[in-house]
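A.B. asks: Give me a model of this one.
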Amino acid sequence: QVQLVESGGGLVQAGGSLRLSCAASGRTFSSRDMGWFRQAPGKEREFVAAITWSGSSTYYANSVKGRFTISRDNAKNTVYLQMNSLKPEDTAVYYCAARNYGSGVFSVTNYPYWGQGTQVTVSS
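C.D. replies: Sure, this is the predicted structure:
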């Protein structure tokens, strides 16, 4: 079991930066691949970024590639999402999630553990 709590969201102007954190509890965090997703009002939840358990591989949605960076610190049981050059279209609730072992990276259904989400609002 993994429990996840996100923090770091807020209101920022376009072009600004935010760093989201996801604190995990549970014995399996360091062996879990992790992901960030987001959901804007009236839209489906979508993949943003993912990282393998060791941090050796990362994956990004095309819409955030080159602007967002996912990382993790297994000693602190925390995964991060550094968001730079933010755009109004990045406005959403951002969720941290832990992936099932051996499942695909991009699908929401492969992530059984979710945090409560943190709101990110980017003003133009």
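
A.B. asks: Residue nearest the middle of this structure, spatially speaking?
C.D. replies: Nearest to the geometric centre of the chain sits residue 36, at 2.1 Å (Cα atoms, centre = their mean).

A.B. asks: That residue should be in a helix, yeah?
C.D. replies: No. The assignment for residue 36, made by DSSP: H, G, I helix; E, B strand; the rest coil, is strand rather than a helix.

A.B. asks: Which pLDDT value belongs to the residue lying closest to it once chain neighbours are set aside?
C.D. replies: Nearest non-adjacent residue to residue 36, counting by Cβ to Cβ, 6 or more residues apart in numbering: residue 48, 4.4 Å away. C-beta coordinates here come from the backbone N, C-alpha and C atoms, glycine included. Residue 48 is assigned 98 on the pLDDT scale.

A.B. asks: Residue 48: neighbour count?
C.D. replies: 23 (other Cβ atoms under 10 Å).

A.B. asks: from what I can see it touches residue 94, true?
C.D. replies: Yes. Counting by Cβ atoms under 8 Å, residue 48 touches residue 94, with 7.2 Å between them.

A.B. asks: so what sits against both of these two?
C.D. replies: Residues within reach of residue 48 and of residue 94 at once, by Cβ atoms under 8 Å, 6 or more residues apart in numbering, are 36, 37, 38, 81.

A.B. asks: Next, the residue nearest to residue 16 when sequence neighbours are not counted: secondary structure please.
C.D. replies: The spatially closest residue to residue 16, leaving aside those adjacent along the chain, is residue 86, at 5.4 Å (Cβ to Cβ, 6+ apart). Look at residue 86: counting by three-state DSSP, its state is coil.

A.B. asks: check contacts around residue 86.
C.D. replies: By Cβ under 8 Å, 6+ apart, the contact list for residue 86 reads 12, 14, 15, 16, 17, 18, 67, 120, 122.
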